[in-house]
Every structure is written in C-alpha cells, then in structure tokens.
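Asks: coords below, sequence missing:
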C-alpha cells in the first residue's frame, strides 16, 4: 500500500479511480485528480508547499515532485505524462504536456499546453516553454513547433495508455 502521510495537519486528497503503486509516497499538501496514476518509487512531497495534480495524469516510476518553502508550488494540469525519473520542482505543467524521461523542470518554469520536454532535458527556473513546442538539451532550448493536433494525438495516446496500464494493477 502506498505511503500516504498527513503532515503539518494536512492530509493528501486522492481523487476517484487513482492508482497509487504500493511503494509510492504522497505527503502533506497534495491533491490528485481522478483517473490519475502514481507509479513505483514516485514521491509527491507536499511538505513545504502545495502540489496540485489534475485528472488523467500519469507520474511514472521514480519521479519526484517537490517545491520551495513559501516560494513555489507545483501545478500539473490534466492529461499530462511525466516520464520515468523526472524531477518537477515548483513548476507549472499545463494540460496535455509530456515531460520526457530523466528530465528536470525547475521552480517557476511553465510548460505550455501540449508541449514536449525531451528526455534528459533541464528546464531552468523561470523558463517559459511555448505551447505546442519541443524543448531539449541542457539547458533546455526551443527545438521546433509541432502541429497542435499531432502533439495532442501523441500526448493523449500516452495519457490514455497509462490509464489502461493502471487498470491492469487494480
């Protein structure tokens, strides 16, 4: 069973039909929307500020979501895929975005709707990733715009697949 821990008087709020892997950790000021999935060894640490996760979000194995004390919050929109071993620290990820494996997204960065952050990228603090674009590298930089329908198709397919995978574990 996942570790769900009340901290500083705040208990995480878990929506309907959420899959929490047995060794995932959800602490403090965290809200997870319905049909989301939190995979193995993932840590959502809402100890120093809030973490808000939308609906149909998949946060894959080994990811860490955290914030800065009284300075940043983590907000993740609907239909977002956060790849294996990603760190999101006090950033905003808008609807339908995809954060590739082993990426780092730092405080006050904003990942626009339908954007893709390539695997291994480091999105520096305060960076604004344009909606419907691909950013890659260290530090992450603009690569190209992608057709909004193509981005939506790719990103939504992954989000739907993870909803299906979560069903296998229930």
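Replies: Yep, it's here. All values reported here derive from a predicted model rather than from experimental measurement. Numbering: from 1, shown residues only.
Asks: please make it C-alpha for all contacts and neighbour counts, starting now.
Replies: Noted.
Asks: and for the strand or helix carrying residue 51, what are the contacting residues?
Replies: For residue 51, the element it lies in under DSSP states H and E is strand 43-53. By CA atoms under 8 Å, 6 or more residues apart in numbering, the surrounding residues in contact with strand 43-53 are 7-8, 24-33, 62-70, 72-78.
Asks: again, but for stretch 90-97
Replies: Residues outside stretch 90-97 that contact it (CA under 8 Å, 6+ apart): 65-68, 72-81, 105-116, 152, 155-156.
Asks: which ones among these map onto strands?
Replies: Among the contacts of stretch 90-97, the members falling in strands (DSSP state E) are 65-66, 74-76, 81, 105, 110-111, 116.
Asks: now for those residues: which two are most distant?
Replies: 66 and 116 (20.4 Å; CA to CA).
Asks: who are the packing partners of the helix or strand of the chain with the lowest mean pLDDT?
Replies: Within the chain, no helix or strand scores below helix 148-169, which has a mean of 89 by mean pLDDT, DSSP states H and E. Counting contacts by 3 or more CA pairs under 8 Å, 6 or more residues apart in numbering; DSSP states H and E, helix 148-169 packs against strand 19-20, strand 37-38, strand 58-59, strand 81-82.
Asks: walk me through which strands the first one pairs with, and which way each runs.
Replies: It refers to strand 19-20. Within its sheet, strand 19-20 is paired with strand 37-38 (parallel), according to DSSP bridges.
Asks: the last one now?
Replies: When sheet partners are counted by DSSP bridges, strand 81-82 sits next to strand 58-59 (parallel), strand 98-99 (parallel).
Asks: between the ones you listed, which one is closest to residue 137.
Replies: The nearest among the strands paired with strand 81-82, by CA to CA, is strand 98-99 at 12.7 Å.
Asks: one step back: quick check: buried residues in the strand holding residue 51?
Replies: Of the residues in strand 43-53, those buried under the neighbour-count criterion (16 or more other CA atoms under 10 Å) are 43-53.
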